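J.: need coordinates for the below:
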Amino acid sequence: MTTEEQIKLVITAFVKAGDHSDTNLLECVLHDDFRVMSNQFMGKPGIAIIDKRKYISNVKKGIFGGIPRKMKIESVDDFGTIAQVTLRLESEENYFVSYNSLVLDVDNRWKLISNLAVVEAFEKV
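T.: Here you go, the predicted structure:
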């Protein structure tokens, strides 16, 4: 499997784990120092930063995730031990643009270390 395929596999696992509220899979693909950062998160002014523990807790509680999304990987940039992936995601409720940083961890597995995202709700008609 190529490096790009490995990275895409981790990104796909991250998205699907969120879609299906699979916290065990999230534990595997998220680095211990993982952070989500969002500007105007959930329509609130300012910057939100959420660590791995809080992110997984929010998935368990149903605050995040549980809604299937269509995923389009726009780009994958691999720099040996770090990588950047740009995603566009769409659910029945929201549209996401997501910039994801990955690291090749000490166990020689790619893990997501940061997710910089903007989420826009669709207008309800």
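J.: neighbours of the closest residue in space to Phe64 that isn't next to it in sequence, how many?
T.: Spatial nearest neighbour of Phe64, excluding adjacent residues (Cβ to Cβ, 6 or more residues apart in numbering): Asn58 at 4.5 Å. C-beta: built from backbone N, CA, C; applies to glycine. By the other Cβ atoms under 10 Å criterion, the neighbourhood of Asn58 contains 14 residues.
J.: mind giving me the packing neighbours of the helix or strand in which Tyr99 is found?
T.: Applying DSSP states H and E as the criterion places Tyr99 in strand 94-104. Counting contacts by 3 or more Cβ pairs under 8 Å, 6 or more residues apart in numbering; DSSP states H and E, strand 94-104 is packed against helix 3-19, strand 82-90, strand 110-121.
J.: now this protein, which segments are flagged as low pLDDT?
T.: Low-confidence segments of the chain (pLDDT under 70): 41-43, 122-125.
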